[in-house]
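Novice: got a sequence here, can you build the structure:
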Amino acid sequence: MTPLPIADYALIGDCETAALVGRDGSIDWLCLPRFDSPACFAALLGTEANGRWRLAPSGPVTRVRRAYRNDTLVLETEFETETGVVAVVDCMPPRVPELVRVVEGRQGRVAMGMELVIRFDYGSLVPWVRRTGEGLVAVGGSNGLRLLAPVALRNEDFRTFADFTVSAGERVPFQLTWYPSHEGPPASQDAARSLEQTESWWRRWAGRCTYEGEWRDAVVRSLVTLKALTYEPTGGIVAAVTTSLPEQLGGTRNWDYRFCWLRDATFTLYALMIGGYLDEARHWRDWLVRAVAGQPAQAQILYGVAGERLQPEWTLPWLKGHGGATPVRVGNAATTQFQLDVYGEVLDALHVARRAGLDPDENAWRVERAFADFVATAWREPDEGIWEVRGGRRHFTHSKVMAWIALDRAVRAVERFGLAGPVDRWRATREAIHADVCRHGFDREVGAFVQSYGSRELDASLLLLPLVGFLPADDARVQGTVRAVSERLTADGFVLRYRTHTGVDGLPPGEGAFLPCTLWLADNYAIQGRLDEAREVFERVLAARNDVGLLAEEYDPRSRSLLGNFPQALSHVGLINTARNLGRAGGPAEHRRGA
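Specialist: Residues are numbered from 1 along each chain as shown. Down below sits the predicted model:
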């Protein structure tokens, strides 16, 4: 089976889990009942038939057109054939672990085919399947699935098939519902009504958006995507809905991103508040406070959707991975790393929430005080850094800057909001960190801040220095860093995180350009007053989106391919924030610097 490109997939979801739908009508990735559950389908986007659900014309297709219905997460894929036109409408109703697919005849008469391959536990378990009067039931371990289908089904080689014909005006509904196997299938719902309610729910949610600037359609689509990546019961937001989609085709940089990263907290809060979604921002803030509760030294870079701490990393040798990339990973070993920068991200996020007027949380300040005290004693230690390297700890410049952020935000909380804390000690340590970074993190010969103390390598994370307020945008060292990154750390106008051939990350070289870093470059141009250049970079990222407006983590500008896990929250968060930075004064880049 030749896999579809990552860009050929679209997202549907119910704010607890999600599925990816290919342009060929096949769903090749689905985790039920929540994002990090063992996948019911685990083909890793069409690489093998370990699991899939395909609904498409049986014969040749002359044209495919797909789009979301307005500002919703209801997807229409329209197929044109020699005999007619048919559409497959896909959605996942909120708060119901169910996938609804409705085949609609639009013109003429079209022969359709269905193939359903159910595999539990990441494709390793073939379930027990039995036919029912309305479809079938599949059970394996703790998982049960019920398919409701108004067409004749047949079973061959542990797969389920159906052939049927749809004429103009006809609708043929299919429903796949998850349930705990010990409870039995739930009562069935009307598919047409579920589809209507799902579309109405998303329309109401998107209708709350207060963003009215340029690029509104792109911003709303990114906000809808961000909402889809939210685990509604807790407020956690996953980085992506997939695992192990490669950062280089056929490569080994394949990670599980179905977790909530603390590092994204501040950017995410800004994005939600820009859109007017204060309830979601508050929910995310509350998740953050709960997740990091405990001893500061035990804080992790990522947590499960409900705040789970233990996420051991292991591999799945029975799965080939997208495009042959191996290994396929579940869990993420970054939970065991020491990453100094996350303390700054947490304090900055909670400070942003306080400035935005979110209702105060007495536990939040207790967390902040503990984190600030820890940073004041630990900031001189090396760490694995923002990119979670596996080549050993270093004194990463970005990490030290975020240690400065942690103490700066703690000081400002005392000075501006009258909270109690050892502000003199924090203030003194803040100044010591600033001096240390300027002394050891800046290389005069390179003319820029460098990746780590003693290194001469560039790192795109240092584009954040002016965005977080460490130094002003007009500082010569900042301007030198922006210039160096734009000249020596780009590929066809897209920004690389760093040069992977240096071996700093302990992994084989090779990956795509990093879309969030590219947006950080646009933000820097914006605050430097270089608005034409900022718009050019931003519109380059907009052009990298797929046909339904989604972004992955990385992009290969030569092959014009999206790479990495998909869709990526941080990329869409960056799009929202950069649009605001370019749209008017007072955007996140300006607001955060004036913290």
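
Novice: tell me the domain boundaries of this protein?
Specialist: With domains defined by automatic domain parsing, the chain comprises 6-205, 215-364+440-593.

Novice: tell me which stretches of the stretch 401-550 of the chain form strands.
Specialist: Assigned by DSSP state E, counting those that start in this stretch, the strands in the stretch 401-550 of the chain fall at 442-443, 448-449, 490-491, 494-495, 513-514.

Novice: including mean neighbour count, distance to S167 and mean pLDDT, could these go into CSV?
Specialist: For every residue, glycine as well, the C-beta is placed using N, CA and C. Converted to CSV, those look like this (neighbours: other CB atoms under 10 Å; distance: least, CB to CB, whole Å; pLDDT from 0 to 100):
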stretch, mean neighbour count, distance to S167, mean pLDDT
strand 442-443, 20, 70, 98
strand 448-449, 26, 65, 98
strand 490-491, 16, 50, 94
strand 494-495, 22, 47, 97
strand 513-514, 26, 47, 94
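
Novice: hmm, back to that, quick one: closest of the domains of the chain to H395.
Specialist: Nearest to H395 among the domains of the chain is domain 215-364+440-593; the distance by CB to CB comes to 4.0 Å.

Novice: about what we covered before: adding distance to P94 as columns, could you present the strands of the stretch 401-550 of the chain in TSV?
Specialist: Converted to TSV, those look like this (distance: least, CB to CB, whole Å):
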stretch	distance to P94
strand 442-443	50
strand 448-449	45
strand 490-491	39
strand 494-495	35
strand 513-514	32
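
Novice: just say helix, strand or coil for the nearest residue to G583 once chain neighbours are set aside.
Specialist: If the residues on either side of it in the chain are set aside, G583 comes closest to G213, at 3.6 Å by CB to CB, 6 or more residues apart in numbering. Reduced to three states with DSSP: H, G, I helix; E, B strand; the rest coil, the structure at G213 is coil.

Novice: returning to that earlier point: so which of the strands of the stretch 401-550 of the chain is nearest A410?
Specialist: Of those, nearest to A410 by CB to CB is strand 448-449, at 23.5 Å.

Novice: partners of the closest one, with directions?
Specialist: Sheet partners assigned to strand 448-449 using DSSP bridges are listed as strand 442-443 (antiparallel).

Novice: so what touches the strand it pairs with?
Specialist: Residues outside strand 442-443 that contact it (CB atoms under 8 Å, 6 or more residues apart in numbering): 448-450, 456, 477.

Novice: and these as JSON lines, adding distance to V401?
Specialist: Converted to JSON lines, the contacts of strand 442-443 look like this (distance: CB to CB, whole Å):
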{"residue": "A448", "distance to V401": "14"}
{"residue": "F449", "distance to V401": "9"}
{"residue": "V450", "distance to V401": "12"}
{"residue": "R456", "distance to V401": "18"}
{"residue": "R477", "distance to V401": "12"}
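
Novice: quick one: the strands in the stretch 101-250 of the chain, in order.
Specialist: Using DSSP E, counting those that start in this stretch, strands in the stretch 101-250 of the chain cover 128-131, 135-140, 143-148, 154-156, 159-167, 171-180, 230-231, 236-237.

Novice: point out the most buried one among these.
Specialist: Neighbour counts (mean count of other CB atoms under 10 Å) averaged over each of the strands of the stretch 101-250 of the chain peak at strand 236-237, with a mean of 26.

Novice: returning to what we had before: just put the strands of the stretch 101-250 of the chain in a markdown table and tack on distance to L519 and mean pLDDT.
Specialist: Shown next, in a markdown table, are those (distance: least, CB to CB, whole Å; pLDDT from 0 to 100):
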| stretch | distance to L519 | mean pLDDT |
| --- | --- | --- |
| strand 128-131 | 46 | 93 |
| strand 135-140 | 42 | 95 |
| strand 143-148 | 39 | 96 |
| strand 154-156 | 48 | 93 |
| strand 159-167 | 43 | 97 |
| strand 171-180 | 36 | 96 |
| strand 230-231 | 21 | 95 |
| strand 236-237 | 18 | 94 |
